[in-house]
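Student: coords please:
(chains A and B)
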Amino acid sequence: MGLRDVFQRVSQSPTNPHAAAAPRTFDVADLYRGPVSPADEQTKAPATPLDEKLRQAYFWIVNTAILSPHYDVEFNQGPPQSFVLGDVKSRLTLPSAQSYSSYVLLPLLTFATRRKCLFVGGPGRGKTASAILMGVLSGASVRDVRRAMQHGHPQMTVADLLGNPLPADLVSAQRIEDIRISWRSWLGMRVKIIDEYNRIPTRTQSALLTVMGDNYAEILNHIYECPDSAWFLTANDEQGGGTYQVIEALRDRIDVIVQALAFNPRFLSELLVRIEQSVRPEEVVPRQIIFTDAEVDRLQGEIHGVPLPPEVRRRLEFFASQFEFFEGAAEQFEYKTKDTARLAGVEWAGLTAQDTGRDRLKDLGCQTRNGLSVRVLMTLLVYAKALAYFRGNRIVELDDARQILPFVLRDKLVPDSDAPFFDAPGNAKYRVDRIGWLRQLFDVSCAEYDRLNLDAEDPVAALASEFRQGLDGVTRSDARARLVKIERLIADWSKGRKLYGNLYDDLLSLKYMHQRYTNYLRWLETQ
Amino acid sequence: MSAAVSPTLSAVLRAERHQLNERFAMARVRHPDLDAEAFAGFIRGAVDPLVGAVARTRFERVTDVTLAAYDIALELIGQKLAGRSARTPHVGGAWRRVLPEVAPLVAAAPERMITAVCNASHHLSSTTGARPGAWIDLMARLGGQCTDSSMFLTLGQVAAWRAGMAHFRESALTAADTLPEPLMLAAIEAPKARWSEVRDRLRSDPWYDPAAPNETSATPRVAARVGAFRGFGGLFTEPPTAAIADGQVIVGAGGEWWLLTADVFGATFHRATREEFDRGRGGSVLPEGIVLHGATATVRGRNVSLPEAFDEVTSACASRTTLALTSARTHAILLVALPVA
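Tutor: Next up, the predicted model:
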């Protein structure tokens, strides 16, 4: 047991124990497992399931590498203890189940799903150190990770980022294909780190966008195909401040944003030990928590395979349908969206001032200036699965979606700070606290879902289910009956009901089904 | 510290002073309340005799053994598993009594051997119903007959079962086949017999006692009384009830549920779920031929007198080999050995 082994201890399995399944089997070999571990035991141990390995990586980072006492991703089994403190009634909750620190959890899930994570926060809070740790988890040496890390700076050129044509070829080549390119080595890394990406000049950002978005780099008609990789970017200011404004397309490629929260001075003694013992966490990452490429491939597959049950999916659908609808944006039904308004470039306040008869305080759609894109929804689903997988759950639970949602939507769902909601008593804080705002938004959406009793009474879901069974064997009279059902439902809804986002999307779904049945009926009549 | 230990250990401590001090400092990081006095005491009382025993057999291994023992001792004292503040005396006891007896094996694989003995004794002392003292006695007595560490570890597994870890029964029986026959028979205290025959009887009847082979297994009898009130060191806050699910006895008491494993050598309890208990209760019907009346159980025509506390049974269930009874008057579960066909 060497000097640094104290820093290399990995949490004992199971890191998130679940109720044992019966019948059990007992292995007498367990007799020798206990509080004392031989140094080589874990390397000789049979392969750890990947979700367990991921949790061990999490706990090693939380307990040893990053002194992060913030448990902001809360889960409960039974009611948690809750306390109200201070004059403004701040609530402190003590979760009753294993809860996590987003600052470690989100990057790890990003690593496991090979997506893109942005660390934000003031200087010196460990953003870059955390990104380097993720690089080391992929099996690269600390030296390689450091060398491959791209540091944004105002003079950064496309050549700095991607590589250079060989000078000799530039002189002697007769054709552009003959010019060989010296590609930058970071392009081949499985974990790519861009430090201070908001200091990169706009033109270079565009080149970066191609690599981030399409996974290849191009110089002089030569293409470098990058391997699938996880991306970690850092910025001191998520709002795009910094030396250069970050182009919107680049920001849009970022899947999750995590904030480096403040250091708790109570942990100063831990810092002191690091100084005194000259220990750098990234240099003592235990071998047991390093993932091979094949393991990350398998992780991705296993994560994607975690089922998301219809009950959870429906609530996500209901939530997502709240935001895109904008009644005053167009005459034609399909174009009544915030995107129509955005593309027109008309002043936002003028459009929102139109009275639609809806309760602007209760309408969740009124709180945002945009809706959710397909990319965002896909990201949300992937991260919800990843969180469920990380927690050792067989299926995605509503809590997984609820906890992951704010980190995915943080930069994607733009609040309309002029909306009446933010002026309501107690809500001013949500102008600043995006995570809290998004979480309450989802909670309110779920409460409305429950109030409407959509789990039990969802006529559109019933019609869609019928429709998904296919049109084979559907007779002319069946098709007509279904058309009538759709028309009656729409007619029923049109009687004095206000138009909200979820209703708008349901109506578009009904129109879609109506159109498919109409076409089918027309086809039947020609047979 | 070095002045109070043997010259052999003292020499190693002096030679490795720098790295040993560093290790102590790092252990302090991990265990801020690491008791230096307790550690020194353990070095004197446990590590030194072991190093002395190793020096008598393979002197060239003394440094390696000392370094391994030092690290493990730091961990044990740090976790309060040994030393003056230890939560249990058995880990230190196993170190002192077992390890010196197998010094040649420790010399060959110090980390493996010391870790195994410490973990096993901790495992036994933290398992309700197990008898760590019996395990230590048996290993101290027979460990010296082992020719290598693998044999020693297998013997330890059998000894754990013998010391009350009933849940290890099946896998210990399988492991036992790799031990020399005399050693195995000695481990279970069977008089002159063939191991294969003893093993077959052990496999078919959990209440067969190899130390008393003439006791008939054709007679039903009260075999054990297991479990106790939490205030007296047991698990139960109220008198339990029992049910049988998937052939295993599940016990419920005070909103907690336990799987009971029991045989002639002892009984252990393991956390179970309410679902298991409910499933068991739904299907718990006494097999044909077993009747309860007052403080008597009649099993296939033979009467078994039950202790007085069991004259009003609150639950009864039976597996192929065992009848489990509970009563409102006691926190114990009565186990009746059923005749094996």
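Student: what's in contact with the helix or strand encompassing A:M134?
Tutor: According to DSSP states H and E, A:M134 maps onto helix A:127-137. Residues from elsewhere that reach helix A:127-137, judged by C-beta atoms under 8 Å, 6 or more residues apart in numbering or on different chains: A:57, A:61, A:65-66, A:103-104, A:107-108, A:110-111, A:119-121, A:142, A:144-146, A:148-149, A:189, A:191, A:193, A:195, A:230, A:232-234, A:260, A:281-282, A:285, A:289-291. The way it works is simple: take the backbone N, C-alpha and C, and place the C-beta from them, glycine included.
Student: Next SSE downstream of it?
Tutor: helix A:142-148.
Student: Residue of chain A closest to chain B, please.
Tutor: Nearest to chain B in chain A, going by C-beta to the nearest C-beta, is A:G34, at a distance of 3.1 Å.
Student: A:F323 and A:K338 touch, don't they?
Tutor: Yes. Counting by C-beta atoms under 8 Å, A:F323 touches A:K338, with 7.3 Å between them.
Student: Quickly list what's touching both of these two.
Tutor: Common neighbours of A:F323 and A:K338 (C-beta under 8 Å, 6+ apart) are A:T368, A:N370, A:G371.
Student: Same question for the residue of the stretch 101-250 of chain B found nearest chain A, what's its three-state structure.
Tutor: For the stretch 101-250 of chain B, the residue closest to chain A is B:N119, as judged by C-beta to the nearest C-beta, at 3.1 Å. Judged by DSSP: H, G, I helix; E, B strand; the rest coil, the three-state class of B:N119 is helix.
Student: Nearest residue to it in space, please, no chain neighbours.
Tutor: Spatial nearest neighbour of B:N119, chain neighbours left out: A:G34 (3.1 Å); criterion: C-beta to C-beta, 6 or more residues apart in numbering or on different chains.
Student: one step back: in JSON lines, list the shared contacts of A:F323 and A:K338 along with pLDDT, distance to chain B and secondary structure.
Tutor: Formatted as JSON lines, the shared contacts of A:F323 and A:K338 follow (pLDDT from 0 to 100; distance: C-beta to the nearest C-beta, whole Å; DSSP: H, G, I helix; E, B strand; the rest coil):
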{"residue": "A:T368", "pLDDT": "93", "distance to chain B": "44", "secondary structure": "strand"}
{"residue": "A:N370", "pLDDT": "92", "distance to chain B": "46", "secondary structure": "coil"}
{"residue": "A:G371", "pLDDT": "93", "distance to chain B": "43", "secondary structure": "coil"}
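Student: Reformat those residues as a markdown table; add distance to B:E37 and neighbour count.
Tutor: Shown next, in a markdown table, are the shared contacts of A:F323 and A:K338 (distance: C-beta to C-beta, whole Å; neighbours: other C-beta atoms under 10 Å in any protein chain shown):
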| residue | distance to B:E37 | neighbour count |
| --- | --- | --- |
| A:T368 | 64 | 23 |
| A:N370 | 66 | 19 |
| A:G371 | 67 | 23 |
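Student: So, low pLDDT: which residues of chain A?
Tutor: Scanning chain A for pLDDT under 70 picks out A:1-14, A:17-24, A:38-47, A:68, A:237-242, A:355-357.
Student: Just the element for the residue lying closest to A:I61 once chain neighbours are set aside, please.
Tutor: Excluding the flanking residues, the one nearest A:I61 by C-beta to C-beta, 6+ apart is A:V104, at 4.9 Å. Remark: A:V104 resides in helix A:102-113, with elements defined by DSSP H and E.
Student: Kindly calculate the angle that that helix makes with helix A:127-137.
Tutor: For helix A:102-113 against helix A:127-137, the angle by axes from the mean of the first three to the mean of the last three C-alpha atoms, to 10 degrees is 30 degrees.
Student: close to chain A, is the worst-scoring helix or strand of chain B on mean pLDDT?
Tutor: Lowest by mean pLDDT, DSSP states H and E among the helices and strands of chain B is helix B:17-30, with a mean of 81. Yes. With C-beta under 8 Å from any C-beta of the partner chain as the criterion, chain A is reached by helix B:17-30 at B:Q19, B:E22, B:R23, B:A25, B:M26, B:A27, B:V29, B:R30.
Student: hang on, isn't the third one packed against B:A73?
Tutor: Spelled out, it's B:R23. No. Counting by C-beta under 8 Å, B:R23 sits too far from B:A73 to count as a contact (10.3 Å).
Student: So between these two, which is more surrounded?
Tutor: Just comparing B:R23 and B:A73: by other C-beta atoms under 10 Å in any protein chain shown the higher neighbour count belongs to B:A73, 25 against 20.
Student: Would you check how far apart that one and B:I43 are?
Tutor: 6 Å (C-beta to C-beta, to the nearest Å).
Student: what touches both of those two?
Tutor: What both B:A73 and B:I43 touch, as defined by C-beta under 8 Å, 6+ apart, is an empty set.
Student: returning to that earlier point: out of the residues of helix B:17-30 next to chain A, which end up buried?
Tutor: For the residues of helix B:17-30 next to chain A, a burial check counting by 16 or more other C-beta atoms under 10 Å in any protein chain shown picks out B:R23, B:M26, B:A27, B:V29.
Student: Could you dump those residues into a markdown table with distance to A:R266 added?
Tutor: Shown next, in a markdown table, are these (distance: C-beta to C-beta, whole Å):
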| residue | distance to A:R266 |
| --- | --- |
| B:R23 | 27 |
| B:M26 | 21 |
| B:A27 | 22 |
| B:V29 | 16 |
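Student: from the residues you listed, which single one is nearest A:D416?
Tutor: For those, the closest approach to A:D416 (C-beta to C-beta) belongs to B:V29, at 50.4 Å.
Student: mind listing the strands for chain A?
Tutor: Secondary structure of chain A (DSSP state E): strands located at A:81-85, A:90-94, A:116-120, A:150-151, A:163-165, A:181-183, A:191-195, A:216-219, A:222-225, A:230-235, A:256-259.
Student: tell me the most buried of those?
Tutor: Using mean count of other C-beta atoms under 10 Å in any protein chain shown, the stretch among those with the largest mean neighbour count is strand A:230-235, at a mean of 27.
Student: now that one and helix A:102-113, what's the angle there?
Tutor: 150 degrees.
Student: Show residues contacting strand A:230-235.
Tutor: Strand A:230-235 is contacted from outside by A:107, A:110-111, A:113-120, A:127-128, A:130-131, A:134-135, A:138, A:190-198, A:212, A:242, A:246, A:254, using C-beta under 8 Å, 6+ apart.
Student: hey, where'd the helices end up in the stretch 51-200 of chain B?
Tutor: Here the stretch 51-200 of chain B has its helices, by DSSP state H, counting those that start in this stretch, at B:62-78, B:90-98, B:103-108, B:110-125, B:132-142, B:149-162, B:169-176, B:181-187, B:195-204.
Student: Quick check: which helices or strands does the first one pack against?
Tutor: For helix B:62-78, the contact count by 3 or more C-beta pairs under 8 Å, 6 or more residues apart in numbering or on different chains; DSSP states H and E identifies helix B:7-15, helix B:17-30, helix B:36-42, helix B:48-57, helix B:110-125 as packing neighbours.
Student: check whether the shortest one contacts chain A.
Tutor: No. Among the residues of helix B:36-42, none lie within reach of chain A under C-beta under 8 Å from any C-beta; the closest is 13.4 Å away.
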